[in-house]
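# Here you go, sequence then predicted model.
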Amino acid sequence: MSLKNLIRATGFIMLLLIAQISFAQNRVITGKVTDSKDGSGVAGATVSAKNTRNATQTKADGSFSISVPSGTTTLVISSVGFALQEVSVEGKTSVDVSLVMVSTTMNEVVVTGYGSVRRRDLTSAVTTITSKDFTKGPITTPEGLINGRVAGVQITTPSGAPGAGARILIRGGASLNASNSPLIVVDNVPLDNNGISGSANPLGLINPNDIESFTILKDASATAIYGNRASNGVIIITTKKGKAGKVKVSFSTLNSLYTVAKKMDVLSADQFTTMVKSTGNAGQQALLGTSNTDWQKEIYQNAFGTDNNISLTGGIQKLPYRFSLGYLNQSGILKTGNLSRFSGALNLSPVLLNNHLKIDFNLRGASTSTRFANEGAIGSAAAFDPTQPVHNTDGRFGGYFEWIQANQPYGLAPRNPVALLELRNDHSNVRRLIGNIQLDYKLHCFPDLRFNVNIGFDRSHGEGTVQVPDSAGQAYLNTSPTGQKTSGLNNQYQQDKKNKLLDAYFNYTKEIKVIRSSVDLMAGYGYQDFLTQSPSYPGRGANGIEYSPANPFPFESENTLISYYGRFRYTLMGKYLVSVNLRRDGSSRFNPDIRWKTFPGVSVAWVLSEEKGIKAISAISNLKLRFGYGVTGQQDIGDDYPYLARYTVGTTTAQYQFGNGFYSVYRPVGYDYNLKWEETSSNNLGLDFGFLKGRINGSLDFYRKKTKNLLSIIPVPAGSNFTNELWTNVGNMKNEGFEFSVNATVIKRKRSTWDLGINFTYNKNEITKLTKVNDATYQGVLTGGIAGGVGNTVQIHTVGFPRSSFYVLQQVYDSKNKPIEGLYVDRNGDGIINNNDYYRYKKPDPDVFIGFTSQVSYDKWTFATLLRCNIGNYMYNNVFSGAAFQSNSLPYLYNVSANHLNTGFKNNQYFSDYFIENAAFLKMDNLSVAYDFGKVMSDRATLRGSITVQNVFTLTKYKGLDPEIAGGIDNNFYTRPRIYALGFNLEF
Amino acid sequence: MKNKVFKALGLLAVSSLLMVACTKDLNRVPPYDFTSAQVYKDAAGYKQVLAKLYAGLSLTGNAGPDGQGDIRGIDEGFSSYLRQYWQAQELSTDEAVIAWNDATIKDFHYMTWGSSDVFLKALYYRIYFQITLCNEFIRESTPSKLSERGITGADATEIGYFRAEARFLRAMSYYHALDLYGNVPFVTENDPVGAFLPPRITRTDLFNYVESELKAIENDLKAAKTNEYGRVDKAADWALLSRLYLNAEVYIGAAKYADALTYANKVIAASYSLIPNWRNLFLADNNVTGVNEVIFPITFDGGKSRTWGGTTYLVHAPIVGSMSAAAHGVDFGWGGIRTTKQFVQIFAGPAGDSRMNFYTSGQNLDINDIGTATDGYGIVKFRNVTSTGANGSNPTWTDTDFPMFRLAEIYLNYAEATLRGGGGDIPTAVNYINLLRQRAYGNASGNITSGQLTLQFILDERAKELHWEGVRRTDLIRYGQFTEGTYLWAWKGNVLNGQAVGSYRKLYPIPASDLIANPNLAQNSGY
């Protein structure tokens, strides 16, 4: 562990230097720092005596007072967002300084993990989106703010449910079976990617209104510094901080109407009656009712949401603070669904000890209360007989119509969709508290050296209950192990997560003028621990009888990551940049001999625009060529103890009978003692460009990611382990692609501006190895479970193909291009159609995805829109494939998709490629208009209003409900609502 | 100044130590799981592992009915040993067709299965899961391990029986492997767990191994009918040997009918008797009513032994059309399994055979579409009601136990072995057959004479007596009627009226996934 020695050595040097502190001050200079634009005081600006360590900060009104050594001739004044200024103080005791705001983004500071860097010094593929560029409107979860705005980042919301968490995929992800979620770091606290019981979204407990910026680290040269969890990229979220100065209050309210944009196309009551009369037998025809019920209309509603936030920013003496409170309440368009969230955040960022100690304290809490609508109602509504009424006449089953047999709800029939919603109360309360305190100490004796320590925690507690009355058809009858009968549900669950973090590092920065170089050295240590606990509860009926006893033990699982890391950055003449990362990680998930792994990252950049020839071209404001290489690791496989031999004990309902007694069982668990890190190495070649003084800027990146030792669940040789499939390091995968993004200010006049942005990503995924021995005859690993039948899958991981390629039979069509039921191409020509005739056809991931943004400001008006486009993605239409109807003697009828009129299938043909459809799309996600009312309330406040439409339109050939579903299998999708929102922001 | 330096150095040293100390946190162990030392500390622990070896035949995992499955890559409910074994032995024959659209499930009856079939894969891995578990138990229960752990006296004796039972269970799974797959991987307690490629064993060598194991443990098992209900004894060992030898000609190309007869005789001598009512053998209280006839049951319980496989499947899935779920003691039918016209026709002959229990109302005798649950007669056999008509303890999961071996099969083995020249005498054989028929008819009206005792008669009698008990495929292969054109049934070979298929289909293919994982293996010819 050479890094540890490095830390020790650095510490020792630091101590020697502390010993040499001297204090020589004999002159005081006072003054005021103002903004050149309006002459207002600039609070918190740093004023330092040049070539000394003396520095101070300006007060709220911009005034300062600094003691300087007698020989001091120059003061240096700096503040974020302003150009650095030097002023002469020879013979002066007072000086006023006017700072000029810098418009170029080149000086903005970009957080990069364990430190930050000016954008101009960046050497890798990093994208920053700040609050001014966030998508405005009814956005209730953080990831929604940047969806469609970053090349290489694909964000797919899972459904229209309130607060649902999105799948975020950066550059196609790097894993096959292990997690593909990027690492998300909030104010230097890396979060647990897994959600908590009772909350649909791990990010859902962070109020988007508190976020200042997102920084997305895409290539491994940047992410390697986060080594152990960074294979899928890193998203760094920085929240809004306190600012010294007068207290500023900001209040915003956003009120939204959620409407149903599209419903599944199923047979109407008339069409259904016609079908049953023509295809069904007498028994089925007798089941037809006389009602005309649009079941989807019955389960969906227009819903209202309100999101209100207030924040206070200011400084008490030297203590800048920001405090915010938020309240969100949103109902789902699926009836009974509701989410309410209270959130609060406190940031304190004092700078003490003469600017030497910076403290950043964050405490962020949220409490959500969710009633989950029973999403089973969506499938039921699509399948429920439209000729039946919502309510029955005899009052049974809570007054809802149900299909019955022998006086009981019939097990194979769908349940009444409205009853599924109304008679199920699935309610959760989740609290989460994330806090950290970061101390950044610049040594008094040696201010080039900083010591930074960050202690953080992320605790969450989720609990919930599921209650169904005993009259309901959906949980009609259960029997306890002792034979007692019970109906309905009265279940509860609970989960606690306790995650801890400690990070400590030294950072040394030095500008060595004589050789026109600057160096930046960092070395540190990190500790993270993740603990999940949940008690074991029984399954209970409404009357409290336990139909399924609690497990004998509660659940508890813990894993720990320990890291040593270091980084060296070197800049020569401001145009040749090198950055080297090294990180050594240990994970408790692997055996002691192989749990440690070193992850390197190297990147170089050449600022072409600083070269004489190019500098002379005034049109070019920035041109930088970057190359990076890095290796990152993956260990997030869900199981915390995959290498340990152990036995687990069975539940009380999995006992075995000997004689008259029942014995609970011990089972040895399959394990791979040699399980080790999955490694992703990636190359990135990039070009950043800026023209016309930064009016046009953008980047172009080519990347290639290769993952080896894929953590995959694969079959082990039969007989060699206590299971048939195991987490093992087998296989390789690659992702290749390029990204292009450009932002341009097309019009920039006094009263009007027009900003345009486009980002384009091409990604190609291919599995290159799946088995220890290469064998071309190996079919691959089946995946992509569908609804219909049991255990049916339509996708496969195969060598030489993109992951999750569809794996289906080739449909044969008649002369009218109608699929012939049950007739498939005998692809291997052996005269029989079986699993050897399946073929790989298309894939769910897009080849290309494009984001397009436009914002026009005219006078006090701002118009903005966001469009997204995916190309090359295909979808298995499970709604269509489930649409078969035949005569049978079952005691119920079921409705089918209107596509049944095109196929007429009697038996489900789940594996036909007919159901794989092109799901390329163009969506307008967001369209908004805002008006700046300017000063209101006797000039005491400013007011801004906006109207937004979210999910404006979708253009696609896909015939199902929505072409954008993560995983590529469309089955009873909770439709994404179209949202109309009206918002106001008031600041005073 | 110096003090300051030392203080600071001290602080640094302490913090480095802390960092080193923290690396110990990487040694996380699960708080509620057990090491082998904890599990095998006493006889009770051994018995709980033994319970898992038996439960491996009935349940699908460590949570009932599902949630902690033993086998991956298939829906857990489908992964039941008995359910998969039953499908492979029955759906491929004239006795059963299934309507469902689950993956390749219809390929069994069509005889079009391939080497990537998910069900054949699940059965194969289930068999090896069982073998691997048995190996572990056999390793952990050696006399030296017991003395190491301080287990002596009666406990050690009882664990000795456990160990013999584990060897029986392993031999039985190997028997299934040799019957279904032929040439397979071979692992014993002497092989390691983990990075290891099991060698391939030929069908002949495996036959010899199973034979030697069953003979070796014969004296280590408890005497017939002296063990607890649910656990195997000598009689189970003999029953399996009898079945193994009866099929030896198929397995190794050499007849061993005399041996089949020897072991049938041993069972028959062990004071088992046919219970009066054949139907009671398949009901919820067969653990009480069936004990005189059933040699080795696989047990189930709606309260404490829950699974979606086993008899839960065998009770629910055959409830089709207008059949009453209530009469089966369950909540509702799964609308799946019926039988072919050819099987129905086996029952032609003297009326009054109570084993003939077809459900015909609303069902067509002919199967035009396997996917239509009303095509083909239903069969009423396994039910979750007791012999007195009471419901099982739970309407979803059944109490009914499954007879793996019972006396009736042994009688039929005797008759067949005799007829095939294994010794024995015809009058005794006729007598055994007539015992079965007298029970079926309730009187002597169905009795036969020695002239009627032909091999085809025995095959048909086996179908009547043992249908849906998981022996049909093996029987048809032994009689040369499984793949051949000598006997055709609806949709055999994927045509309505049936056709012969390649004789290689007498063995199932080795799953492609294991051929890839284990280069020592070779595919059975024809696949």
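Now that the structure is in, tell me what you want to look at. Computed from a predicted structure; not experimentally measured.
# just the helices in the stretch 101-250 of chain B please.
Here the stretch 101-250 of chain B has its helices, by DSSP state H, counting those that start in this stretch, at B:107-110, B:118-140, B:143-148, B:153-180, B:203-216, B:234-246, B:248-252.
# Of these, which is nearest chain A?
helix B:118-140 (3.6 Å; C-beta to the nearest C-beta). Any C-beta I mention is one placed from the backbone N, CA and C, and that applies to glycine too.
# on that earlier part again, relative to residue B:81, which of the helices of the stretch 101-250 of chain B is closest?
helix B:118-140 (4.9 Å; C-beta to C-beta).
# helices or strands up against the closest one?
strand A:666-668, helix B:43-58, helix B:81-86, helix B:153-180 (3 or more C-beta pairs under 8 Å, 6 or more residues apart in numbering or on different chains; DSSP states H and E).
# Make JSON lines from those and add mean neighbour count to it.
Shown next, in JSON lines, are these (neighbours: other C-beta atoms under 10 Å in any protein chain shown):
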{"stretch": "strand A:666-668", "mean neighbour count": "25"}
{"stretch": "helix B:43-58", "mean neighbour count": "23"}
{"stretch": "helix B:81-86", "mean neighbour count": "25"}
{"stretch": "helix B:153-180", "mean neighbour count": "22"}
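# Now render the ones you listed as a markdown table, adding distance to residue A:258 and mean pLDDT.
Formatted as a markdown table, the helices and strands packed on helix B:118-140 follow (distance: least, C-beta to C-beta, whole Å; pLDDT from 0 to 100):
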| stretch | distance to residue A:258 | mean pLDDT |
| --- | --- | --- |
| strand A:666-668 | 47 | 96 |
| helix B:43-58 | 49 | 97 |
| helix B:81-86 | 45 | 97 |
| helix B:153-180 | 56 | 97 |
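# quick one, what contacts residue B:31?
Shown in contact with residue B:31 (C-beta atoms under 8 Å, 6 or more residues apart in numbering or on different chains): residue A:556.
# so which strand or helix has it?
Following DSSP states H and E, there is no helix or strand that holds residue B:31.
# what's the pLDDT at it?
Residue B:31 carries a pLDDT value of 89.
# Ok, residue A:9 next?
On the pLDDT scale, residue A:9 is placed at 44.
# now swap in the one 5 residues further on and tell me
Residue A:14 carries a pLDDT value of 41.
# Report the spatially closest residue to residue A:971, excluding sequence-adjacent ones.
residue A:878 (3.6 Å; C-beta to C-beta, 6 or more residues apart in numbering or on different chains).
# follow-up on the earlier one: of the helices of the stretch 101-250 of chain B, give the one that comes closest to residue A:733.
helix B:118-140 (23.7 Å).
# Counting by contacts, list what the strand or helix carrying residue A:948 packs against.
Residue A:948 belongs to strand A:941-956 when assigned by DSSP H and E. If you count contacts as 3+ C-beta pairs under 8 Å, 6+ apart, strand A:941-956 packs onto strand A:921-936, strand A:978-987.
# And the longest one, what's buried?
It refers to strand A:921-936. Residues of strand A:921-936 classed as buried by neighbour count (16 or more other C-beta atoms under 10 Å in any protein chain shown): A:921, A:922, A:923, A:924, A:925, A:926, A:927, A:928, A:930.
# Regarding the residue nearest to residue A:247 when sequence neighbours are not counted, what is its secondary structure?
Once flanking residues are discounted, residue A:247 sits nearest to residue A:314: 3.5 Å by C-beta to C-beta, 6+ apart. Three-state call for residue A:314 (DSSP: H, G, I helix; E, B strand; the rest coil): strand.
# picking up where we left off before, out of the helices and strands packed on strand A:941-956, which comes closest to chain B?
Each of the helices and strands packed on strand A:941-956 has some distance to chain B by C-beta to the nearest C-beta; the shortest is strand A:921-936, at 30.0 Å.
# check contacts around residue B:151.
So residue B:151 contacts B:42, B:43, B:159 (C-beta under 8 Å, 6+ apart).
# Low-confidence bits of the stretch 401-550 of chain A, can you list those?
For the stretch 401-550 of chain A, applying pLDDT under 70 flags no range at all.
# any idea how far residue A:901 lies from chain B?
Distance of residue A:901 to chain B, given as C-beta to the nearest C-beta, to the nearest Å: 20 Å.
# my guess is that residue meets residue A:271, correct?
Yes: using C-beta atoms under 8 Å, residue A:901 makes contact with residue A:271 at a distance of 7.4 Å.
# Same drill for these two, tell me which one is more crowded.
More crowded of residue A:901 and residue A:271, by other C-beta atoms under 10 Å in any protein chain shown: residue A:271, with 16 against 13.
# Does the helix or strand encompassing the more buried one reach chain B?
Element membership of residue A:271 [criterion: DSSP H and E] is helix A:269-279. No: using C-beta under 8 Å from any C-beta of the partner chain, helix A:269-279 never reaches chain B; the gap is at least 12.5 Å.
# CA atoms only: put that helix into CSV for me.
The C-alpha atoms that make up helix A:269-279 are tabulated as CSV, following Å, rounded to 0.1, in the frame of the first residue of the first chain:
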residue,chain,number,x,y,z
ALA,A,269,-68.0,-3.5,-25.6
ASP,A,270,-69.5,-3.8,-29.1
GLN,A,271,-66.3,-5.1,-30.7
PHE,A,272,-65.9,-7.6,-27.8
THR,A,273,-69.5,-8.8,-28.1
THR,A,274,-69.0,-9.3,-31.8
MET,A,275,-65.8,-11.3,-31.2
VAL,A,276,-67.3,-13.5,-28.6
LYS,A,277,-70.4,-14.2,-30.7
SER,A,278,-68.3,-15.1,-33.7
THR,A,279,-65.4,-17.0,-32.0
